[in-house]
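Mind looking at a prediction? Sequence and model below.
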Amino acid sequence: MSDANHSMSLANPHPANFNTMQKAGLAITGIGVLAILLAWSGIGTSQSLILFITTVVCLFLGGIIYTRGSYADNPEGVKNNRAFFTSMTSRGALAWITGIVITGFYVMLYWRDDWKRILGVDFLAGLVAMFDPLSKALRHAPADQWFVYGSFYTIAVLVMGFKFIYKYRHNRYQIIRTCSVMTVQLGFAWLLPAIMRSLYNFEPYLSYFWPLDYDAIFPSTLSYFKTQGALGTFVVFWGLVLTFVVTPVLTYFFGKRWYCSWVCGCGGLAETAGDPFRHLSDKSLKAWKIERWLIHSVLASIILITALLLIDNTYKNALLGPKVASDMAHAYGFVIGMVFSGVVGVGFYPIMGSRVWCRFGCPMAAYLGLIQRFKSRFRITTNGAQCISCGNCSTYCEMGIDVRWYAQRGQNIVRASCVGCGVCSAVCPRGVLKLENGPDNNNRLNSFFSSEELKILS
Amino acid sequence: MHCVIIGNGITGITAARTLRKHSNHDITVISGETDYFFSRTALMYVYMGHMKFEQIQPYENWFWGKNNIHLRKSWVTSIDTDQKMIILDNGDRMAYDKLLIATGAKSNRFDWPGQHLKGVQGLYSYQDLMELEENTKEGINRAVIVGGGLIGIEMAEMLHSRHYPVTFLVREKEYWNNVLPAGESALVSRHIREHGFDLRLNVHLKEIIGDANGRVKSIITSHHEEIPCQVVGLTAGVSPNIDWMKDGTIHTDRGILVNSHMETNMDDVYAAGDCAQFQHALPDRKVVEQVWYTGKLQGEVAAMNMLGHKTPYRPGYWFNSAKFLDIEYQTYGTVLPQLRDGEVDFYWEHANGKKCIHFVYKKNTQEFVGVNIFGIRMRHQVFNRWLIEKRTITYILENLRAANFDPEFFGTDEEEIIRAWNQQHATNPVELKTKRSLMKMIFG
């Protein structure tokens, strides 16, 4: 026992929450945060480059050291000890502070220009200045708040992705899947747009498409892409193919996981930075009922808005008039695109779990979910009668699926919301759950509208 | 008709749900332990902080009202079978038409000196969990676990998760050696040490010593060693929780005696789960079965019989599973610590020492008898089918891939297992039936 206290004194036998290496990791991360604060406040603007380098080095180094401290001394295996005791991961004071800081950051980020106009304050000037040297080098353009946001986002996915992989180093599904979301975030969502910007003054995000990228086929977007020549046409074509061809085909074969927990950036952040909060999702039947109404309403409204705008556009605004059309698009952008997916979606991680947006709001998830529910070879199978109803699967389901409900009855799990992260299978102590693609023996259509799933007994 | 069930564990609750599924009878479940059913096997995760207590309750609280299952929190003190009444601790009497006793078990205490000191406890009930919280509230310097079984290793893991040093006293020459064969026992023992537990084999508890406040301060082992500690976990098995009803009219031995229909000697009184003892053992099975799955099955069978559908307890082939720290264990069929007459075995262990598979089969007919699997997940249905179909060991090895249940992208060990077999059985070589196919791997 490395931490054995052989003294017989009962005076100070409290086990420490964090070991020395974890504390060192947190301290180094703290220096990184301090550098961010110095830059943000404007105090360090004259030393932007040094602060930037300090931030990046400290966040990566701190993350790696903290991870080693957390897991390296233990044999590999599922390590969720103390998840419900630690302030940060059990809605304690730290969680609330973190939630409020992230929420506040999003409010400053999305409405930066509005705050400038209304209050005359540029909340993000310091941060933007800190990222200016990198932006100029990489994108040949001055930084803006979106580059700052994208960079922090990518750092979070990479650092916390490393932690996740280390935590699940015994599980190849988790390793490969996490490498995939890290690669997509770094390559497709951060590097590629930056390089394209430097070369063509044009930033395509190829890993997002309609309906998640809600204005991807709005008439205004289409006409903007037209001005970008062949490249713009390609991006529009790419998006349409992904939405209407690739998505149904891949979802049929693999379930929605191919996107939600392998490619998507929102999913990528949830699976990495959000992992410590996954057990906070609400598993109640009530939450499931709200989820079904909410997410399908969002999908319906974006389909409706997009269709109206496109029809209206073909009739040269005769249907709605230019004011109504742009108001509708703006309203959706404000409520769903900003408040829901950003402020609530990420800001509430420490309180409501990591997949609030994906579960209750994302129209892409709703679309993928409908395919998965009705026409897919993907499901989670259960292993005979080995379930002991312990509840680890349900607790660690970030999507709030009561996996145990099915597992204890030996029933396969076919749920629209399952993103196929595979953590239920990983945390199961009896080897009961397995994500599988295969011929579909269940009639998925039959059970959907009956309330059988909500009632008792097998 | 009023069906009363004493005990809201997996057995009692499975019975209640089965009764509800097939009838509109009044159903009352009585428990003094908790308000609602919880997964007993998951108590450890609450102490370790993986889950909150609510999360080890498999059903939301509205479930019981919605399904018209009455819950009552009370301890039952006795049963009046003449009047068909049960008597509760507050003196209330409750009439039953059919009664199921599913009161579970309690931790064994073998009259060790000092076993009633504060800080000495077992781990079975919700109250035990609360007691462990209380016993470790101030922090401790060391805990001693006595008894190398499943609850012992769970308790050791729980305390370890809070960074309390653990000494683990095991009477046998390896961990759980009275249930597991030597190879598996050694594998788990190694893993226990890998976690830094102070595992003492071939040692048993002699005495528990208390301090002036009546709290444990140390234990003395059979080797006359004194080990200072503030918590002692007594985990040398459990026995039926029947002391409260032993004076009554219902026949008991170690447990409440039942026939294969879960009927006791008294009319309309049934018993099932950890507290029940069969008058006659089924082949390859014990008269007192105390695992989750048998509790579930017995609860279902008892309910069917209470409903008047004569249903004998026919549990099929034995299966079980557990997790030893980070290593999962599954077993199908019968694997005893020592081979029986006419049995031979084949043991394969991975080079990392954390995975193994142990087949037992009949020497003459090659018929497969049972398997222990560590660190690899295998399909229950497939092994159960092979047992029913009385497949040979070679058939099973050839088709082993069909049984694999590991998550996607996990490395597979079948080739190596077959290679090991072929080295040991040059005259009886086998070849894997299905080749690994990339298409199958990707598209399923």
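Now that the structure is in, tell me what you want to look at.

Name the helix or strand for residue 430, please.
All of this refers to chain A. A:Arg430 is part of no helix or strand, with elements assigned from DSSP states H and E.

Against B:Leu43, how distant is it?
Between A:Arg430 and B:Leu43 the distance is 15 Å, computed by C-beta to C-beta, to the nearest Å. For glycine as for every other residue, the C-beta is placed from the backbone atoms N, C-alpha and C.

do B:Leu336 as well
B:Leu336 is 29 Å from B:Leu43, by C-beta to C-beta.

Mind checking which of those two has more residues around it?
B:Leu43 (25 against 14; other C-beta atoms under 10 Å in any protein chain shown).

Please give me every residue in contact with residue 74.
Using chain A here. B:His195 (C-beta atoms under 8 Å, 6 or more residues apart in numbering or on different chains).

my question was about chain B
Remark: with contacts taken as C-beta under 8 Å, 6+ apart, B:Ser74 is in contact with B:Ile30, B:Ser31, B:Gly32, B:Leu88, B:Asp89, B:Asn90, B:Asp92.

now with 7 Å?
B:Ile30, B:Gly32, B:Leu88, B:Asp89, B:Asn90 (C-beta atoms under 7 Å, 6 or more residues apart in numbering or on different chains).

Next one, pLDDT for the residue in the stretch 251-400 of chain A that chain B sits nearest to please.
The stretch 251-400 of chain A approaches chain B most closely through A:Gly384 (2.5 Å), counting by C-beta to the nearest C-beta. The score at A:Gly384 is 89. That number is its pLDDT.

try the one 3 residues further on
pLDDT recorded at A:Cys387 is 96.

The residue of the stretch 51-200 of chain A found nearest chain B - nearest residue in space that isn't next to it in sequence?
Across the stretch 51-200 of chain A, no residue is closer to chain B than A:Gly77, which sits at 2.8 Å (C-beta to the nearest C-beta). Counting by C-beta to C-beta, 6 or more residues apart in numbering or on different chains, A:Gly77 lies nearest to B:Asp326, which is 2.8 Å off, once chain neighbours are set aside.

What is the neighbour count of that neighbour?
A count of nearby residues for B:Asp326, using other C-beta under 10 Å, gives 19.

Could I get the contacting residues of it?
Shown in contact with B:Asp326 (C-beta under 7 Å, 6+ apart): A:Pro75, A:Glu76, A:Gly77.

circling back: which members of the contacts of B:Ser74 are classed as buried?
B:Ile30, B:Gly32, B:Leu88 (16 or more other C-beta atoms under 10 Å in any protein chain shown).

Any figure for the gap between the first one and B:Ala16?
If you measure B:Ile30 against B:Ala16 using C-beta to C-beta, the figure is 11 Å.

Can you check which residues contact both of those two?
B:Ile5.

if we look at the helix or strand of chain B with the lowest mean pLDDT, which residues are touching it?
Least confident element among the helices and strands of chain B, by mean pLDDT, DSSP states H and E: helix B:438-443 (a mean of 76). In this structure, residues lying in contact with helix B:438-443 by C-beta under 7 Å, 6+ apart are A:Phe253, A:Asn437.

buried stuff in stretch B:319-338?
B:319-335.

which of the contacts of B:Asp326 count as buried?
A:Gly77.

on that earlier part again, pretty sure the residue of the stretch 251-400 of chain A closest to chain B contacts B:Val382?
No - A:Gly384 lies out of contact with B:Val382 (C-beta atoms under 7 Å); the separation is 8.8 Å.

where exactly do the helices run in the stretch 51-200 of chain A?
Under the criterion DSSP state H, counting those that start in this stretch, helices of the stretch 51-200 of chain A are mapped to A:93-110, A:112-119, A:125-139, A:145-167, A:172-183, A:192-200.

what's the closest of the ones you listed to B:Cys356?
helix A:172-183 (19.9 Å; C-beta to C-beta).

Which neighbouring elements make contact with the closest one?
If you count contacts as 3 or more C-beta pairs under 7 Å, 6 or more residues apart in numbering or on different chains; DSSP states H and E, helix A:172-183 packs onto helix A:145-167, helix A:265-272.
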